[in-house]
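**Q** 3D, please:
(2 chains)
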Amino acid sequence: MEPEIRQDLTDAHNRAWDRLGRPGTWLTAEERVYIASETRSARYCSACTERKNALSPETEVGPHSNGSPLKSGWVDTIHRITTDADRLTKRWFYSVVPSILTVEQYVETVGVIAETIAVDRFHSAMGMVLRELPTPKPGQPSHETVPSAYLSDAWVPTVKPHELGKNDPAAAFEMYTGRGSAHIHQALSLVPASVSGFFDLDDAMYLPDALLRRFDIETRAISHSQIELLAARVSALNRCLY
Amino acid sequence: MPFGQVLLAYADAAVAETPDLALRRQTVADTLGQAAMVDASAVIAIFQAVVKIADATGIPLEDQKAEISADFREELGINTYKLE
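**A** Next up, the predicted model:
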């Protein structure tokens, strides 16, 4: 018998899958679905396994196990982020941007990878079959820019909430509404839809920002302490400094 | 922490996708309940995603967090996670 999954969680996953199949800010719906497909392929890619086990992430490995028509550099980028993210470097980033992807395409790619992993790894942990990838919907990316975003401490341009101005789109203000402004919130801020999308999932799968420090209010079947124990463990297993 | 080891064992199995995943999942369900198992699964999954965002965009640790964690980051060897 399948366990009962709270409705807000299923709804968040449904919204994520709907977003995945729609044109994004810089990527077509088709490209977004291909990225999700490659994110899945990367988990069982022998070249990625070989590289992950190698002393250096620059080790030459065979071709990736992939099935999408995305250009090879893009596929490698997706596979590296998915399987070897803790060894990514600024130097590697500059080998991808701008020669393989624009920085905007890169940020949106990271967002799609993250949302795909979140939904897929939930299903895998639960022993459930992965959701079928959506059929891409027609239409063009919006190409909505965030003029106030700039390069500071991260590899990609970001913008803090108080730095947004009258030339920035409504979506940029919305991505910070009711949310914190920690670096993890700013990371994808060059593409506001990616921030809003990921943190919509985060609200349902982790906790809404407003409840993060409300230790007097428990809204999950596990406590704040238990949640943070899991979060810390998974982060450590992934060797994520942040 | 109540049932900490049970939760950690589940997280380890889910991240590494080891053959005992189903057993670890069922142990969580048996000891904390089905709803807790679902919530634990969700936290494990979202954090497998959020680390990709952090690592792929090169965001630094906030100054305040760096300051308060300086001693135990060094002690735990966490600083070795970061590459330049």
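
**Q** only C-alpha atoms for contact and neighbour calcs from this point on.
**A** Fine.

**Q** Tell me the helices and strands packed up against the lengthiest helix in chain B.
**A** Using DSSP state H, we find that the single longest helix of chain B is helix B:34-57. Helix B:34-57 sits against helix A:72-84, helix A:103-125, helix A:192-205, helix A:224-237, helix B:4-16, helix B:21-32, with contacts defined as 3 or more C-alpha pairs under 8 Å, 6 or more residues apart in numbering or on different chains; DSSP states H and E.

**Q** Kindly export it (C-alpha atoms) in CSV.
**A** The C-alpha coordinates for helix B:34-57 follow below in CSV (Å, rounded to 0.1, in the frame of the first residue of the first chain):
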residue,chain,number,x,y,z
GLN,B,34,4.3,7.0,7.8
ALA,B,35,3.9,10.8,7.8
ALA,B,36,7.4,11.2,9.4
MET,B,37,8.8,8.9,6.8
VAL,B,38,7.3,11.0,4.0
ASP,B,39,8.6,14.2,5.6
ALA,B,40,12.1,12.7,6.1
SER,B,41,12.1,11.6,2.4
ALA,B,42,11.2,15.1,1.3
VAL,B,43,14.0,16.8,3.4
ILE,B,44,16.5,14.3,2.2
ALA,B,45,15.5,14.9,-1.4
ILE,B,46,15.4,18.7,-1.3
PHE,B,47,18.8,18.9,0.3
GLN,B,48,20.2,16.7,-2.4
ALA,B,49,19.1,19.4,-4.8
VAL,B,50,20.0,22.6,-2.9
VAL,B,51,23.6,21.5,-2.6
LYS,B,52,23.8,21.5,-6.4
ILE,B,53,22.7,25.2,-6.5
ALA,B,54,25.3,26.2,-3.9
ASP,B,55,28.1,24.2,-5.5
ALA,B,56,27.3,25.2,-9.1
THR,B,57,27.0,28.9,-8.5
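
**Q** Dump the helices and strands packed on helix B:34-57 to CSV, plus mean pLDDT, distance to B:Ser69 and mean neighbour count.
**A** Below are those laid out as CSV (pLDDT from 0 to 100; distance: least, C-alpha to C-alpha, whole Å; neighbours: other C-alpha atoms under 10 Å in any protein chain shown):
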stretch, mean pLDDT, distance to B:Ser69, mean neighbour count
helix A:72-84, 96, 25, 21
helix A:103-125, 98, 26, 24
helix A:192-205, 98, 24, 23
helix A:224-237, 94, 14, 19
helix B:4-16, 97, 22, 20
helix B:21-32, 97, 31, 18
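
**Q** Among these, which comes closest to A:Leu27?
**A** A:Leu27 lies closest to helix A:103-125 among the helices and strands packed on helix B:34-57, at 6.6 Å (C-alpha to C-alpha).

**Q** gap between that closest one and the chain center?
**A** Its chain's C-alpha centre and that of helix A:103-125 lie 4 Å apart, by C-alpha atoms, centre = their mean, to the nearest Å.
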